[in-house]
Structure formats: structure tokens, C-alpha cells
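K.L.:
Got a sequence here, can you build the structure:
(10 chains)
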Number of protein chains: 10
Amino acid sequence: MGYLSAMPDPSMLEVFEAPTDRPFLIEHVVDEFTSVCPVTGHPDFGTIIVRFEPSHACVELKSLKLYLQSFRNEGIYYEAVTNKIRDDLTEVMQPTWMQIVTDWRGRGGIRSRVTASHGEVPPCWQRP
Amino acid sequence: MGYLSAMPDPSMLEVFEAPTDRPFLIEHVVDEFTSVCPVTGHPDFGTIIVRFEPSHACVELKSLKLYLQSFRNEGIYYEAVTNKIRDDLTEVMQPTWMQIVTDWRGRGGIRSRVTASHGEVPPCWQRP
Amino acid sequence: MGYLSAMPDPSMLEVFEAPTDRPFLIEHVVDEFTSVCPVTGHPDFGTIIVRFEPSHACVELKSLKLYLQSFRNEGIYYEAVTNKIRDDLTEVMQPTWMQIVTDWRGRGGIRSRVTASHGEVPPCWQRP
Amino acid sequence: MGYLSAMPDPSMLEVFEAPTDRPFLIEHVVDEFTSVCPVTGHPDFGTIIVRFEPSHACVELKSLKLYLQSFRNEGIYYEAVTNKIRDDLTEVMQPTWMQIVTDWRGRGGIRSRVTASHGEVPPCWQRP
Amino acid sequence: MGYLSAMPDPSMLEVFEAPTDRPFLIEHVVDEFTSVCPVTGHPDFGTIIVRFEPSHACVELKSLKLYLQSFRNEGIYYEAVTNKIRDDLTEVMQPTWMQIVTDWRGRGGIRSRVTASHGEVPPCWQRP
Amino acid sequence: MGYLSAMPDPSMLEVFEAPTDRPFLIEHVVDEFTSVCPVTGHPDFGTIIVRFEPSHACVELKSLKLYLQSFRNEGIYYEAVTNKIRDDLTEVMQPTWMQIVTDWRGRGGIRSRVTASHGEVPPCWQRP
Amino acid sequence: MGYLSAMPDPSMLEVFEAPTDRPFLIEHVVDEFTSVCPVTGHPDFGTIIVRFEPSHACVELKSLKLYLQSFRNEGIYYEAVTNKIRDDLTEVMQPTWMQIVTDWRGRGGIRSRVTASHGEVPPCWQRP
Amino acid sequence: MGYLSAMPDPSMLEVFEAPTDRPFLIEHVVDEFTSVCPVTGHPDFGTIIVRFEPSHACVELKSLKLYLQSFRNEGIYYEAVTNKIRDDLTEVMQPTWMQIVTDWRGRGGIRSRVTASHGEVPPCWQRP
Amino acid sequence: MGYLSAMPDPSMLEVFEAPTDRPFLIEHVVDEFTSVCPVTGHPDFGTIIVRFEPSHACVELKSLKLYLQSFRNEGIYYEAVTNKIRDDLTEVMQPTWMQIVTDWRGRGGIRSRVTASHGEVPPCWQRP
Amino acid sequence: MGYLSAMPDPSMLEVFEAPTDRPFLIEHVVDEFTSVCPVTGHPDFGTIIVRFEPSHACVELKSLKLYLQSFRNEGIYYEAVTNKIRDDLTEVMQPTWMQIVTDWRGRGGIRSRVTASHGEVPPCWQRP
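P.N.:
This next block holds a predicted model:
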């Protein structure tokens, strides 16, 4: 894989037991994400959307915040941020499905959005 | 289940006989919900949407207000609030279907939305 | 049924012969509806949408206005208002289909919307 | 039929030969329509949409304007206005299909919209 | 046909070889179109949308501008403008499909839109 | 093909290994693109959208910026810009599918949009 | 005076001691006011703004609500509503200054706003 | 004074030395304030604006948050909330001037705004 | 003074000679500023506006960007950020007047704005 | 002065005699300006507003366009662009007053606006 496993540690992520075994939907929107461009060393700023249906576990919000803050000084591509978050959250929660959208403010006049998913995203969410 | 049964008492919820036995749709939007984060002890603020088709009973609005106000000083996760409201209202009303959406103002830079349902939610409401 | 038949008198509603026997659609939006909460005695304020395809008769607008004004001092639930209007208009007009939407400004921090129908509402109107 | 044939004279409507025999779509929006309420005698104000696919003829715009202006002092129901325009335009043009939408500014706190059609309105126009 | 072939000369339209033989989509929006009403002699102002998939040729933009400017002093109906542009552009480019939409600012209180097409317009463009 | 291969050099484009072999979506929006009209010599200004699902490689953002800046003094048609970008990016990345949209501010009163694609664009993106 | 003193009873208004003797500003906006037109008997709907600097007393909010609700079935002109509210509130609170604005939804196609004041309204509020 | 001195304890408020002795302006906006109505016992929700020019001290933000959260279960009038915050902040900071604006979501159909100040509020802020 | 002089180094700021000795106005808006809360250690996010009339020198934009990026990992109060930027820019440019506005996204439900100035800010900018 | 006199040649600017000797106002807005950053070599994109009251001469619009296009490949600061345009236009037209506003899309996360003037700009334009 194209990103370093030494980066933000997924063990920071804590989960708690889902309050029900009936399917439901959770969406978290993080407006204040920042990491560092691995090519220029300049900071990147973006919004992260985490959308999933839990199977048995939910990510605890404070641990999610600290995990995302730990990207702050990492040099990492947009694409790698998106896939790493998808992989790490998938591993600790094993959700029925998950969609990660990262929306970046722009660098050098280019704004970007990257979308990665896990499992079967329902049709109504396919255009993120 | 992951939330405490000692919390807001569903017996506060009063119902009245549905004015008809023909199917119809009810939606209540509560803009002023507050509870407490069980991890940090800080208050949470959100909007609650209760959407359902009654079978034979409707929840009385003042009792719904008092029931929702009784979360005010409870330490409880977003996910548990959402599922508990769905469970308590389902129990007292036995609706044909129900959808509960909770939309939270944000804590630590993260805004969240949780959606739980009961029965067959019609397709036009699946993206809440 | 859960509402009193002594309430606003459907005989106030006048109809006139539909100007055609070809199907067409009528929508009336009443922004200034008011009735009284049967629990607290405080006034309720709402918007009423009456949408229907006439079979042979149309409701006369001035009589509809007076009929709706006659709820002004009635203590009546949202759900009963909605179903009573649907029932009374259905009885005097026998429309092919009808949809009544009542949208309430809010009481105790809760805004509500109730939707009742008669006959087969076309798919494009199912999310009111 | 429920409206008087003595009203605005459809012979005012002039047509010209369609510039092609291939199907195409025409929409006219008239923002400044006025007629008179037959019950109260007060003026009504509305917007008229005329949408059709011509078969061989198109209505000439100045004659359409004069025809619509001739409703100015007529006491006539919304429903009759809508159906009469549909009938008169259908008769002079014989369009493949036609949809007439009348949207009224409101009288006594009630806004109204009436929709009448001729032939097969394509699905994308069914919610007017 | 209902419009004069002596009008704006399609030979003004120049084309260039499409830069690819793979299908692609071109849309031109002309906000500043003007012609003359053949009945009243007053100027008409409108927006023209030209949307097509080229087969082997694309219209050169400056020649399109000059061609459209040559309608400036022509007395011509909306419907004829629309069909003539469709016909002339179809003849010089032979596109796979084409859709012409003309949207007119209004004359005598009536705004109009006319849509003409050639070939199979994809479903997502059928409501123009 | 209708554009000169001597133009902006695709070898400027650098790629990096995709961080995953699971499908995901990337969208780049470039608001500050400029080239030169080959007919009049006047500058053109537009927005470029690059949307694709990588197979094994992603385009590096700084190299994409420099590549797009190299069109600055090229005399080139809108259609050729669009197809050249599609071809060059397809060649260096071999994406599963790609869609290039160029949206031009207007020249001589005409705004234009050109869309070119590679592979199977999913239905939800077909209206760009 | 042009309005009847038998109308809504100012003794319904309760006050409480101002929490400070330093000047401060209070504004109440009542979106759900209704009274009755003394000429036609039809209901009027409006918004009431009460803006004042207390001298030593503040109006208690629940009593203000009940006082305003007591206009519900009064036949009274817009102008009289506005002046009566100003007079009654002035009498029970003796504010340093007060401004009453009533904004009416419209009747017979006419929307109205009436503004009455007491004492010296500061310049920044003179345009209400 | 009309509010109880036993309420939220101003000693919770911490200050730090202003980073400069040159005049500057600080504005804090708290969207999630809640207290309790002393008459009905129902919760109130509002937004608080704290605007001031420090003389030598600034309020520390976390202590301000905790101080404002401590109103959560207090039964207290809007007017008293506003004046108490003004008094407590004035005491601990001795600002050159201060303006407190409280904007309340509404109770019983009435929205309210209360403004209290200390010292000379500059003219540009007098309409809050 | 309340902030540490060891923080971001003003010598990073480069200036160039103003292109004129006639008065003119420069405004820079930095949407992507981040520093660290000195109390909680959590990141802060804000927008910085730098507005000034140069006397003889202008700050070079790339050096301003690097200077502002160097706050990224500093624990520093909002008030100190604002005053330090004002002091450092004043020192290197000696502008006729300067206004620094920092607008912070919010932490613990509180959004803040801090404004510091140097020299005589013209009246039209006094409400920032 | 800080910009090179060898840059875009003011002799490109042509004027024509003002059609009146009574004062009037002219504003030109150029959305498609581009020049080059003298430090990084990357392109800058901005909008230029030229606002003036002519004394006896007006700038000819096509010559203004060509003059502004001639900045396309110049390495020049924002501040110098603004002042040079002000100086050059002042010289050829001798307007009663002039205001030049340049609004730049942003580079490295910083958006900028520069305003230069000549003569007495009326108060209503002083905040540009």
C-alpha cells in the first residue's frame, strides 16, 4: 500500500458497544482537519465526513477527534488520508458499510474531493 | 443494550387515540434538545426529528416535550439518545413505521447526525 | 373516531360543478390557520395545504375560508384537525384523490407536520 | 360545463403554421394575469403557464396576450379560467399535448394553483 | 416550412474537425441574442443554449457568434428562430444529437421558452 | 486528431502509487485555467474538473498544476483542451474511468462547457 | 380615544422589578398575533415587536403572552391595536422609552406596518 | 437588585493579563446557552454575545464556558441573565466598555433580545 | 506583555518598497490559520484579516504565509495571536494605519473575534 | 517607484472626448485579469474595478482590454498592478477622481484586495 503504517496510530480509536442490534446510520462531519502536503511541506486544510452503519460497535467521539488531530504534522497525500481513515475505522468497528469523504480547501488553485468506501453503500449515498 | 434503562422514563409519554384508522403521517421537529456528554460531562445540543405513521395511537405533544426535557441532565451518547427515543416511542405507540433523526451542533469540531428506524420506512424518506 | 363531530360544521362547505370532466389538479395553501390546543388552551398557528383532483365538484373558496376560520376557537389536536379537514372535504366533493398537509409553527419548542390522504395520491406527491 | 361560453372569445386566438413538423416544446409564462372573483367581485391576480408540443400550429403571441387580457373584467372561478384556457388553446392549435398551470397570489389568505392538461404530458412535467 | 430560407445564412457557420472520435458533449450558452418581433416590430431579447454531441465536426465559436448576430434585424417568431438554428447547425455539423433551447426575456408580460432537438437526446437532458 | 501533439507536454505529469487497490473516487477542481483562442488570439478563462476512479495510480497535484499552467500561452480550442487533458491523464494513470469537464467564462457573449470521458462513467455522474 | 377601553384588560399585565438600575434594552417579537377586522369580521394576522428601555420594571413574559392572546376575538383596527399595546405597556412599566411595531400579513392584497412610540426613541431605532 | 446573588458564582471566571496595553476589541459568541424559566420551570435556549475592550485583563475562554454552563439549571429571567453576566464580567475584568446581548429562541411564541452595557459603547455598536 | 517573544519570528517577514508614495489600501484574508490552545492543547482554527495603508513598505506575500504558518504548533491565546501579528507587521512595515481581525471557528461552543489596530483606522472600517 | 516603467505600455490606452461637461460616473469591471507572481513565477488571477468621474476624456474600452491583457506574462506584485493602472489611466484621462480596486483569487491560502485612488473619492465609495 502507498501510505506508511507508522502514521497516526489506529489504536487511539476507542469504540463502545452499539446501543442496539437494529441497523442505524451515523454521520460525523469534521470541519477542522489539517495535515501537511508531502511534496511542498505546506499545510492542507479539509473537511472529513465519516458515514457508516454500525454492526456492533461505534467509534467514541473524543477518541475520533484525537485520532484525526494526530494527522496535524504528518506529510501525507489526500488520497492516503482518505484511505487510511477508511481502513483504520473499518478495522476497529467492522461496520456493515462505511463511506469516507474528504473535501480539501485547495492548494495552488486546485480544490479536491476524495471518496472511499467499505461494504455496500446504499444507492441514495452513492453521489456523496 | 448499551444504554441504561434507568434513564428518562418512557412512562412519561402519554398517547391519545388516533383520530382515524386510515394511514397518515406525523412529523415532530424539536430544535431545543440538550443532554450531557457521558465522557466529558459537557452539555450537548441537538435537533430531534420524530417521523411516523400511527397504527392506532399518537403521542401527546406536551408529554413528548417533558419526556425529551428529562434528558437534560443525563450523561448519554448520541447513539443511545437516538435508539432510546426510537424504542420508547415505539413501545407506547406501536406505529406502523418510525424514523428518528438526531442532528447535533458539534463538540470538539465534529458535527454528527444519527438515524434510527422501526418498521418499513417508505423509500422517499430513506435519505433522511 | 378521536375527534368530536360537533366541531366546525362541514355543511358550511359549498361546492360548484367542476368546469370540466377531464382530470385536473387543484392546490389551496392557507397560511393563516389558527385553532386552540385542547391540553393547554393556548392558540396554535399553522399552514394548511389542500391538494386534490376533483371528480365532479370543486370546493368554493370563500366557503372554504369561512369553514377553516371556524376552527379559530376550537380546542383540537393537530392530528384531528388534519383528519377532519380531509374527511369533511372528501364528503362534500368526493374527489378522485386528496392530500391534506398541516404545518404548525411550534409550541413548546416543537414544530409539527401532519399529512392525511384519500384515494391514490400520485407518486410525485408522496413526499409532501 | 361549469363556465359560460359567452366569456373571452377563443376566436381572438390566432395561430401560425409551425416552422417544422419535428416535435418541439413551447412554454409561455404570463406573470400579469387578472380576472374577477365571481363571488366577491374583487380582482384576482395570477401567473399563467402554457406548455405544449405543437402538432402543426403555434399560437401567435400578441393574440394570446389580447385573449388573456380579455379576462380582465370577467367574474370567473380559478378552475374555470384554467380549463377554459386549456380548451380554447386546444381547439385552435390541436397540440400533441398541453399543460396549463395557473398560480394565484391569494385571496382571503388562501393561495391557489390549478393545473389542467390535454393529451399525454411527459413524465418529467407531471409535477408542474 | 414556416420561416424564410432567405434569412441568416447558414454558410456563415464554419466547422473544424473534432479533436477526437470518442463521444463528448459541447454546450454553448449565448446570453445576448436579439431579433425582431415579426408582428409588432419590437426587439426581442433571449438566451440561446446549443447542446450537442459532435460526430466528426464542431462549430467554430466566432462564426457561431456572427451567425447569431445576423438575426439582429430579422423579423422572426421565437419558434422559427429555434428551429432554424437547430436545422442550420444540424446541417453543417451532422451531430449525433442536438438540443436547442431559446429562453426569451418577455414581451407584453409574457416570457417564453422553446426547445427543439435532433437525434436521440439522452434522458438526463429531456427536461431542458 | 485535431490538436497538435507539440502542445503541453504530458511528460510533465507525475503519478504516485494509489494508496489502496480498493476502488475510490477523486475529483480535482481547477478554478484558474487560462489558454488562448486560436482564432482571435484573445485569452480564454475557465474552470476544469478532473473526476476519476484510479486503477493503480494517482496524478500528483503539483505536477497537475504545472501541466495545466503550461496551456497559458497556447492557442487552442475549448474542445481540444478538453480532449487533450482527458487523453494525457488517461495515458499516465490508466484510470478505471475518467470525466473531464471544462467550463468557460465566455467570449463574445458565449459561455461554453465541454465534457469528455474515458471508460464507463457511473450513471450518477452522467449529467456533469 | 378611538379604541374601546373595554377591550383586553391591561391589568392582565404583570411586571417584575428590573434586575438593575443601569439602563438596558429589551426587545420582544411575537410572531403569532391575531385579532379581528372590525369592518369585515375576518381575522387579521401579524407580528408585534415590543422594544423598550425599562426604568424600574419589566413586563413578565407569560402575562404579556396572555394579554396579547386576549385580542384574539376583538374587532379592532391595526392602528388601535398598536396604540393600545403602547398605552397599556407604558402604564404598567413606565419605561424610559418604548417603541411598538405591528407588521400585518395583508388583507385584500395590502400589507401594513404601524409604529407607535413613547418617550425619546434613540436615533438608531427611529427607522424601526 | 432583582436577581439572586447565590446564583452562578463569578469566582469561576478566570482572567489573564491582556497581551498589550493598546486598546483592542474582543467578541465572544456563545450559541448554546440554556437556563430555566423561573415562572414555568421550562428550559430557555439562547445565544449570548460578549463584546468588550479590555483595560488590563481578558477573560479566559474555558472558565467563561464553565461559568455560562453553570446557568443550566438556574431559574432566572432573561433580563437577570443579561445583567448578571454584564456585572460579573465587569467585576473581574474592569473593561473599558462592555456590551452583553442575549438572543432567546422563543417561548410561547415570543422571541426576545436583551442588551446591557457598561462604560461608553462606541457609536458603531449602539444598534447591537 | 502577555505573550512570549520567543514565538514566531518576525524576522521571517520580508517587505518590498511600496510602488508609490500616494496612499492606498491593502487587505489580505487568510482563511487557513491554525494555532494551539495554551490551556487545553487542542488546535484552534481561524481566519485572519490584515488591513493597512502602507507608508513606504509592503509585506511580501510568501513571507507572510510562512510567518503565519509558523504559529501552527504554538500554544497561544486568541488575543495574543492578534496583538502579536499587529505588533510584528507594524514593526517591519511602519504602516500609516493597520487593523488586524482574527475570527475563530469556535471551541466548546464559543466563537470569537478579536480586533487590534495601529494608528488612525478610518471611520468606514471601525466596525470591522 | 517600485515597479518597472518598461511594463505594459500606457500608450496603448486610447481616449475619446467625454460626451458632456457635466459630472458623471463610469465603472468598468474586468473579471478575467491575469499576471504572474514575481516571486514564485505562478500565475495570479483577479478582478479589476476601474471607477472614475471623467473631467474631459473617457478611456476607449477595446484599448483598455488590450492594455490589461498585456499584463498577462508580466511578473508583478498586486500592489504594483494596482498603482500602475491608477497612474496610467490618470495620465491619459486626467479624471476628476478615480478608484482602482484589484481583488485577487488567492495564492497559498491568502486572498488579497488592493485599492488605490486619485483625487477626492466621494464618501460613499470609500469602503470599496
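K.L.:
what about stretch A:33-48 and chain B, any contact?
P.N.:
No. Using CB under 8 Å from any CB of the partner chain, stretch A:33-48 never reaches chain B; the gap is at least 8.6 Å. Backbone N, C-alpha and C define where each C-beta goes, glycine included.
K.L.:
Now do the same for the spatially most central residue of chain A: its pLDDT.
P.N.:
Nearest to the mean C-alpha position of chain A, by CA atoms, centre = their mean, lies residue A:85 at 3.6 Å. Note for residue A:85: predicted pLDDT of 97.
K.L.:
who does the stretch of helix or strand residue A:111 belongs to touch, helix- and strand-wise?
P.N.:
Assigned by DSSP states H and E, residue A:111 falls within strand A:110-118. Packed against strand A:110-118 by the contact rule (3 or more CB pairs under 8 Å, 6 or more residues apart in numbering or on different chains; DSSP states H and E) you find helix A:78-93, strand A:97-107, strand F:24-36, helix F:61-69.
K.L.:
Make TSV out of the ones you listed and add distance to chain H.
P.N.:
Output for those, formatted as TSV (distance: least, CB to the nearest CB, whole Å):
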stretch	distance to chain H
helix A:78-93	28
strand A:97-107	23
strand F:24-36	31
helix F:61-69	36
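K.L.:
do you know which of the ones you listed lies nearest residue G:94?
P.N.:
Comparison of those against residue G:94 by CB to CB identifies strand A:97-107 as nearest, at 55.5 Å.
K.L.:
So that closest one, near chain B or not?
P.N.:
No. Using CB under 8 Å from any CB, we find that strand A:97-107 stays clear of chain B, coming within 12.8 Å at best.
K.L.:
May I have the residues that are in contact with the residue nearest to the centre of chain A?
P.N.:
Residue A:85 is in contact with A:48, A:50, A:68, A:100, A:102, A:116, counting by CB atoms under 8 Å, 6 or more residues apart in numbering or on different chains.
K.L.:
Quick check: the farthest pair among those?
P.N.:
Maximum pairwise distance among the contacts of residue A:85 (CB to CB): 15.3 Å, between A:68 and A:116.
K.L.:
pLDDT below threshold where in chain A?
P.N.:
For chain A, the stretches flagged by pLDDT under 70 are A:1-6.
K.L.:
Report the closest residue of it relative to chain E.
P.N.:
residue A:127 (12.9 Å; CB to the nearest CB).
K.L.:
Can you report phi and psi for that residue?
P.N.:
With angles defined as degrees, to the nearest 10, residue A:127 sits at phi -90, psi 110.
K.L.:
Next, the residue lying closest to it once chain neighbours are set aside: secondary structure please.
P.N.:
Once flanking residues are discounted, residue A:127 sits nearest to residue F:124: 4.2 Å by CB to CB, 6 or more residues apart in numbering or on different chains. With DSSP: H, G, I helix; E, B strand; the rest coil as the basis, residue F:124 sits in helix.
K.L.:
so what's residue A:95 up against?
P.N.:
With contact set as CB under 8 Å, 6+ apart, residue A:95 has these partners: A:52-55, A:89, A:118-119.
K.L.:
same question, residue A:27
P.N.:
Residue A:27 touches A:49-51, B:112-114, counting by CB under 8 Å, 6+ apart.
K.L.:
Nearest to chain F among these?
P.N.:
Distances from chain F to the contacts of residue A:27, taken by CB to the nearest CB, are shortest for residue A:49, at 13.2 Å.
K.L.:
Just give the number of residues close to the closest one.
P.N.:
17 (other CB atoms under 10 Å in any protein chain shown).
K.L.:
And the one 5 residues further on, by the same measure?
P.N.:
One way to gauge burial is a neighbour count; for residue A:54, by other CB under 10 Å, it gives 25.
K.L.:
That one contacts residue A:24, correct?
P.N.:
Yes. Shown here, residue A:54 and residue A:24 form a contact pair, counting by CB atoms under 8 Å, at 7.2 Å.
K.L.:
list the residues that contact both of these two?
P.N.:
Listed as contacting both residue A:54 and residue A:24 by CB under 8 Å, 6+ apart are residue B:79.
K.L.:
Return the distance of residue A:99 relative to residue A:120.
P.N.:
Remark: distance between residue A:99 and residue A:120 (CB to CB, to the nearest Å) = 11 Å.
K.L.:
same question but for residue A:24, I mixed them up
P.N.:
According to CB to CB, residue A:24 and residue A:120 sit 16 Å apart.
K.L.:
repeat for residue A:40
P.N.:
Separation of residue A:40 from residue A:120 (CB to CB): 38 Å.
K.L.:
Settle it for me: which of those two has more neighbours?
P.N.:
Neighbour totals were compared for residue A:40 and residue A:120, and residue A:40 leads with 14 against 9 (other CB under 10 Å).
K.L.:
Please look at the more buried one and residue F:63 and confirm they touch.
P.N.:
No. Using CB under 8 Å, residue A:40 is not in contact with residue F:63, being 11.8 Å away.
K.L.:
got the buried residues for stretch A:82-101?
P.N.:
Using 16 or more other CB atoms under 10 Å in any protein chain shown as the test for burial, stretch A:82-101 gives A:82-90, A:92-93, A:95, A:97-101.
K.L.:
err, stretch A:29-39, not the other one
P.N.:
For stretch A:29-39, by 16+ other CB under 10 Å, it's A:29-38.
K.L.:
Do any residues in that stretch lie close to chain F?
P.N.:
Yes. Residues of stretch A:29-39 are located near chain F by CB under 8 Å from any CB, namely A:37, A:39.
K.L.:
what does that stretch contact?
P.N.:
For stretch A:29-39, contacts defined as CB under 8 Å, 6+ apart pick out A:42-50, A:64-65, A:68, A:71-77, A:81, A:102, A:107, B:109-112, F:60-62, I:32, I:34, I:43, I:45, I:105.
K.L.:
mind running it again at 6 Å?
P.N.:
Stretch A:29-39 has contacts (CB atoms under 6 Å, 6 or more residues apart in numbering or on different chains) with A:43-49, A:68, A:71-72, A:74-76, A:81, B:109-111, F:62, I:34, I:45.
K.L.:
Can you select the buried ones among these for me in PyMOL?
P.N.:
Selection of buried members from the contacts of stretch A:29-39 for PyMOL, criterion 16+ other CB under 10 Å:
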select buried, (chain A and resi 43+44+45+46+48+49+68+71+72+74+76+81) or (chain B and resi 109+110+111) or (chain I and resi 34+45)
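K.L.:
how much space between the closest residue to residue A:10 other than its chain neighbours and chain G?
P.N.:
Nearest residue to residue A:10 in three dimensions, chain neighbours excluded: residue A:88, at 3.7 Å (CB to CB, 6+ apart). Plainly put, residue A:88 is 48 Å away from chain G if you go by CB to the nearest CB, to the nearest Å.
K.L.:
Residue A:11 is in contact with residue A:88, correct?
P.N.:
No. The criterion here is CB atoms under 6 Å, and residue A:88 misses it with residue A:11 at 9.3 Å.
K.L.:
Now the common contact residues for the two.
P.N.:
By CB under 6 Å, 6+ apart, no residue touches both residue A:88 and residue A:11.
K.L.:
Next, residue A:109: phi, psi?
P.N.:
Note on residue A:109: backbone dihedrals following degrees, to the nearest 10 are phi 80, psi 10.
K.L.:
can you pull the contacts of it?
P.N.:
Applying CB under 6 Å, 6+ apart, we find residue A:109 in contact with residue F:32.
K.L.:
One more: residue A:117?
P.N.:
residue A:99.
K.L.:
what about it, distance to chain C?
P.N.:
According to CB to the nearest CB, residue A:117 stands 26 Å off from chain C.
K.L.:
Which strand residues bridge that residue?
P.N.:
On the basis of DSSP bridges, residue A:117 is bridged to residue A:99.
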